[in-house]
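Q: Have a look at this fold, sequence not included:
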């Protein structure tokens, strides 16, 4: 009889131990994984020199696009100013001036595109650094002239509209418009620009376009 109870107690103890081991195994398998810590990064991470140079060149070439944008904005302002005039003959005269301005924008776009290609070294003209700088300075002179003349003419056209709003008679306005038409063509011929006969005298911001790469 004593042996029976002994075997029973041993069997119960083995069963309880088995249950405990099963519970522990389930808890271990269902525990969420510990996330791995990301690699530490420092604030002073160095960038590749070539990547930094390409970024700087891209920003510099975009400066040429800013000059083109100034010419385009001058035309857009002139269009809006002309459209506010109620007198049909005066509005027609102002629009003729605007059309002439807009017709010369492709020349400015060509100058800017050539300058950006030289800056990027993509033009066959850039056979030597000295040749590239000479070509860039001549293109810059053309862009300087374009920005100066487009913005000045746009301001003068807006001035005519302001005078009309202030009560100036239409005859005086027509004389002003005729004087504006005499300003065309705004830009020298492309051959004159490429030969360095475009002239200069723009803003300091524009004049620094080539110096930044010299």
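A: Thanks, I have the structure now. Every value quoted in this text rests on a predicted model; they were computed, and no experiment measured them.

Q: Go through the top helix by length along the chain and flag the buried ones.
A: As assigned by DSSP state H, the longest helix anywhere in the chain is helix 129-165. Neighbour-count burial for helix 129-165 flags 132-133, 135-151, 153-154, 156-158, 160-161, 164 (criterion: 16 or more other C-beta atoms under 10 Å). Every residue, glycine included, has its C-beta placed from N, CA and C.

Q: what do you get for stretch 111-120?
A: Buried-residue list, stretch 111-120, by 16+ other C-beta under 10 Å: 111, 112, 114, 115, 116, 117, 118, 119.

Q: what is the mean pLDDT for the longest helix of the chain?
A: The average pLDDT for helix 129-165 rounds to 93.

Q: What mean pLDDT does stretch 188-205 get?
A: Here the average pLDDT along stretch 188-205 is 73.

Q: Got phi/psi on residue 182?
A: For residue 182, the backbone dihedrals (degrees, to the nearest 10) come out as phi -70, psi -10.

Q: State the pair within the buried residues of stretch 111-120 that is farthest apart.
A: Using C-beta to C-beta, those span at most 12.6 Å, a distance reached by 111 and 119.

Q: separation between the closest residue to residue 190 other than its chain neighbours and residue 172?
A: Spatially, and ignoring its direct neighbours in sequence, residue 190 is nearest to residue 107 (6.6 Å; C-beta to C-beta, 6 or more residues apart in numbering). Using C-beta to C-beta, to the nearest Å, residue 107 is found at 32 Å from residue 172.

Q: swap in residue 150?
A: 24 Å.

Q: Could you do residue 79 as well?
A: Distance check for residue 79 against residue 172: by C-beta to C-beta, it reads 22 Å.

Q: Between the two, which has more neighbouring residues?
A: Taking neighbours as other C-beta atoms under 10 Å, residue 79 and residue 172 compare with residue 79 leading, 17 against 12.

Q: Who are the contact partners of the more buried one?
A: residue 98 (C-beta atoms under 8 Å, 6 or more residues apart in numbering).

Q: Helices of this protein, start to end?
A: Remark: helices assigned in the chain by DSSP H are 2-30, 49-83, 88-103, 105-120, 129-165, 170-181, 190-194, 204-211.

Q: Between helix 105-120 and the fifth one, find me the angle.
A: Yep, that's helix 129-165 we're talking about. 150 degrees (axes from the mean of the first three to the mean of the last three C-alpha atoms, to 10 degrees).

Q: what angle do helix 129-165 and helix 170-181 make?
A: Using the same axes, to 10 degrees: helix 129-165 against helix 170-181 is 170 degrees.

Q: Going forward, the N-terminal residue is numbered 47.
A: With the count now opening at 47, the last piece we talked about shows up as helix 175-211.

Q: which residues sit in contact with the nearest residue to residue 161 once chain neighbours are set aside?
A: Leaving aside its sequence neighbours, residue 161 sits nearest to residue 185 (C-beta to C-beta, 6+ apart; 4.4 Å). If you count contacts by C-beta under 8 Å, 6+ apart, residue 185 has them with 157, 160, 161, 164, 239, 240.
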